Every structure is written in structure tokens, then in C-alpha cells.
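Chemist: okay, predicted coordinates and the sequence, questions at the end:
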Amino acid sequence: MHVTADLDIPSGGHTRGPIRPWSSLLIRDYRLIFVTILCANTANHMRNVASLYQVYQLSGSSVQLGLAGFFQALPFIIFGLFGGVLADASNRKKLIAITHTCNVVPGLALGILTITGDVQVWHVNALNIIASSLQVLGGPARQAIIPSLVPQSHLLNAITMATLLMQGSQLTAPVIAGFLIDLFGVQASYLADAALLLPSVLSVLLIHASGQPQGERRQIRWRSLIDGFEFLWHTRIILSLLVLDFFAVLFGFYRPILPIFADVVFKVGARGLGLLYSAPAIGALIGSAILLSVGDIKRKGAVSIIATLAFALSLGFLGLSKSFWMGLLAVGALGFNDAISVAIRRTVVQILAPDDMRGRATSFLTVFAQTTNGIGAVIAGAGAALLGAPDAALAGSVLCALTVFATCWALPQLWRYRAA
């Protein structure tokens, strides 16, 4: 049952006429959650870029930089599954409003500490853990509330638009953060991060839909979690995709060492760093657009392998880059190949997982990705400290390519897999 009194278009399960790319934005409640997601994601990405920049400026240590990236990802590892439980057991509007309101505090605190000159690396890491934890706990509710805001006929349109919005914020937020840091100092980015969360709270409170999950509240028992793990282990296609992604991220997680490329290799400052962080989002948008234009792909396993191998080659190209524009092209290619790999992986999981297992399978996929991001951040920082950022990227490229071939040899089902 969908709330239809708040629609600015004909209500019900279907609408008259074709669905346009902007059709979901004609729905009042969806416009409000759109603003909420836009402000929250922009604030989150701005804070992440500003904190990595500040950690490197404070410490000059690539190891500390890697640890900062790890602390940003740590809450996803710890609370990833719990956020989904909260979204199914609580009023989603209230959960979003509470987590976003509380998330004003870390950005505000970092801004004040920076202005007073008292900020230290441990402050940045501790407050990032708090902010990321709140982001994780409220994130599933922002996605789960969308089906109650739009007619069923608009659901695909609404979710696709929300996904593109999140990719777009990865593109624009680092650029905004870079310009604010260059023009007004890193504290300006933190304060803007805190301020952006205020309209996100107001928007979600203005939604007319109740936000209460329909039906009985679901509970996740330990046995249900174990069943999910067993399903992933016995479904070899999904397992091989997870293994492929694990080693690609383990040896190829490049984002934490981009400040070193910006400062030492390319010498482009905070604005250049913002562009380096935005280039993967541009590549991801292009990759997603190509997938949408192609339509369905039968050889999904083969495409995933090729995309991962291309990711490894792009990482090597980054390591060899001597100019800023070559570096931008390399990280754009990394985003392009990663977007294709992620889309294929999520699609295959949805195809192969039975309906009563899709929630757990999707949650495990998210937690798995964030766990490898955290470990990969530490390895990237340590590799940059031992070898320098360019050589660390080259070493990661070689190791990533080798693991692609090893995975194909150990789990040959993936290359042969064809979707029905």
C-alpha cells in the first residue's frame, strides 16, 4: 500500500502516460527525501575529504592517512547489518531525523577544534568514527523509505534517480570541499558539512508518509545470519564475485593515498585533490550510463572479470602517471571499471538469491565491501610509506591482476556463467 494523497501526479499503482526521467520528482514526498539524501551524502563526502586532507597536513604520514581511511570505514564493518535491522524495526522518518541531527555534532566539533588550533589526529579519527556510525545506522532507512513514497510504477525510476544522486554527490562534494579548504581553510568544509545536515532533517520531517514499516516488525536471529553466510558460501558464482572484489580492493584501494599524489607527485594542492577524488565519480557515471544503454548482458561473469582486470591496469596507469591530467584520467578509469564491476555483482546477487535471502545477501555484500575497504586503506597507507605512492600503486596493480587470474583458475564457474 502506497501513500497517494501527497502525489502531484495521478495516484495509484500506475500513472497515465509514459514515465519520464524526472517523474519521481513530481511527487512531493519523494522530492523531500531526495533533498535529505542529497544534503546528507554531500556532507558525508565533504567531511571525508576534509578529514583525510587534515590528517595528512597534521601528520605528514601515509600510515596515519591509511589509518584515517580505515576509521572512516570501521563503522560499516561493525554496524553494517544492525542498520538494516533498525530500518525494519523503527519509524524510518524518526530514525533518519535522529541520526542526521546527531551527525551535526562531529562536523561542528571538528570545525571549532580547527579554528582554535587544538585539533589533533586522534580528534579527527574519533569524530569520524562517530559520524560514520550515525551514517551507517541511518543509511538503510533512507533507502527503505522510498517504496512508501512513490507508486509502484515509479519505484525503478525513484531508486535509479537516488543512485545517480549518490554518484553525483561523490563527484561534486570533493570539489566543493577542495575549494572551501583552499579559500577559507579546512574548518570551512567542516562547518559546511554540519550546516548541510539541517535542511536534511527539516526535509524528512516534512514528509507526510508515516515512515512506519508495514506489517510485523522483523527480527534477525543469529541463525538467520548463519543461514546467509552458508548461502553465500555454497553459491559459487556469488562467492567467486566476492573473492574477486576482495583482492581487487585489498591491493587496489587507492583513495587514501590520493592526497600524497596531489601533494608530492602532482603538486596541485587542495583543489587538485578535490578533482582527483571527483574523477572516479565521473568515470562511474559514464560506466553506469553505458550499462544502462547496453541493456541486459548475458555473460555477466566474464564482464565482471574483464572489468576487474581493467581496474588493475588502471591502477598501474596511476602509478606511472607523471602529470596531473594523466592522474585524473587514471582515477577516472578506476571509477569507470569499478562501477561496472559493482553493478554486475549486485545484479547477480539479486538474480541468484531467493526472495527470502535477498536482504541478508545484500547486507552481507555491503559489509563485505566496507570491510575490505578498511583493510585496503591500511595496506595502501603502509605500501605508500614503504615504497612511495606511485610504486605502491604499481605493486597493487600487479598483485590485483595476479589474483584475478588465480580466482579464474580456482573458481572457473564465474567465467562460464551466463544469466538466464
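Modeler: Perfect, I can see it now.
Chemist: count the residues that sit near Ala410.
Modeler: By other Cβ atoms under 10 Å, 11 other residues sit near Ala410. From N, CA and C alone the C-beta is placed, and that goes for glycine too.
Chemist: what's the distance between it and Val243?
Modeler: Taking Cβ to Cβ, to the nearest Å as the measure, Ala410 falls 8 Å from Val243.
Chemist: do Leu165 as well
Modeler: Going from Leu165 to Val243 by Cβ to Cβ gives 31 Å.
Chemist: so which residues of the stretch 201-350 of the chain form helices?
Modeler: Assigned by DSSP state H, counting those that start in this stretch, the helices in the stretch 201-350 of the chain fall at 222-234, 236-252, 258-260, 269-294, 300-320, 324-352.
Chemist: just the ones you listed: most buried one?
Modeler: For these, the largest average neighbour count (mean count of other Cβ atoms under 10 Å) is found in helix 258-260, namely a mean of 25.
Chemist: which elements pack onto that helix?
Modeler: Secondary-structure packing of helix 258-260 (3 or more Cβ pairs under 8 Å, 6 or more residues apart in numbering; DSSP states H and E): helix 28-59, helix 62-89, helix 269-294.
Chemist: and the contacts of that helix?
Modeler: Leu52, Tyr53, Tyr56, Ser62, Leu65, Leu273, Leu276, Tyr277, Val331, Ala384, Ala389 (Cβ atoms under 8 Å, 6 or more residues apart in numbering).
Chemist: I figured Val367 hits Phe82, correct?
Modeler: No: if you go by Cβ atoms under 8 Å, Val367 and Phe82 don't touch, sitting 10.0 Å apart.
Chemist: looking at the two, which one has more neighbours?
Modeler: For Val367 versus Phe82, neighbours defined as other Cβ under 10 Å are more numerous around Val367 (19 against 16).
Chemist: tell me which element the more buried one falls in.
Modeler: helix 358-387 (DSSP states H and E).
Chemist: redo the contacts of helix 258-260 as CSV? Include pLDDT and distance to Tyr254.
Modeler: Output for these, formatted as CSV (pLDDT from 0 to 100; distance: Cβ to Cβ, whole Å):
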residue, pLDDT, distance to Tyr254
Leu52, 88, 12
Tyr53, 89, 16
Tyr56, 87, 15
Ser62, 79, 13
Leu65, 82, 12
Leu273, 86, 13
Leu276, 88, 10
Tyr277, 84, 11
Val331, 92, 7
Ala384, 86, 10
Ala389, 86, 9
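Chemist: tell me which residues of the helix holding Val367 come out buried.
Modeler: Buried residues in helix 358-387, defined by neighbour count with 16 or more other Cβ atoms under 10 Å: 359-381, 383-385, 387.
Chemist: re the thing from before, tabulate the contacts of helix 258-260 (TSV), appending distance to Ile286.
Modeler: TSV is the format used below for the contacts of helix 258-260 (distance: Cβ to Cβ, whole Å):
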residue	distance to Ile286
Leu52	25
Tyr53	26
Tyr56	29
Ser62	30
Leu65	28
Leu273	21
Leu276	17
Tyr277	16
Val331	13
Ala384	28
Ala389	25
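Chemist: which of these sits closest to Pro151?
Modeler: Using Cβ to Cβ, Tyr277 is the member of the contacts of helix 258-260 that sits closest to Pro151, with 36.7 Å.
Chemist: mind listing what the closest one touches?
Modeler: Listed by Cβ under 8 Å, 6+ apart, the contact set of Tyr277 reads Val49, Gln170, Pro174, Gly178, Arg255, Leu258.
Chemist: ok, the closest residue to Arg236 other than its chain neighbours to Thr403 distance?
Modeler: In space, Arg236 comes closest to Gln413 once its chain neighbours are excluded; the distance is 5.1 Å by Cβ to Cβ, 6 or more residues apart in numbering. From Gln413 across to Thr403, the span is 17 Å (Cβ to Cβ).
Chemist: between these two, point out the one with more neighbours.
Modeler: Higher neighbour count among Gln413 and Thr403: Thr403, with 21 against 12, using other Cβ under 10 Å.
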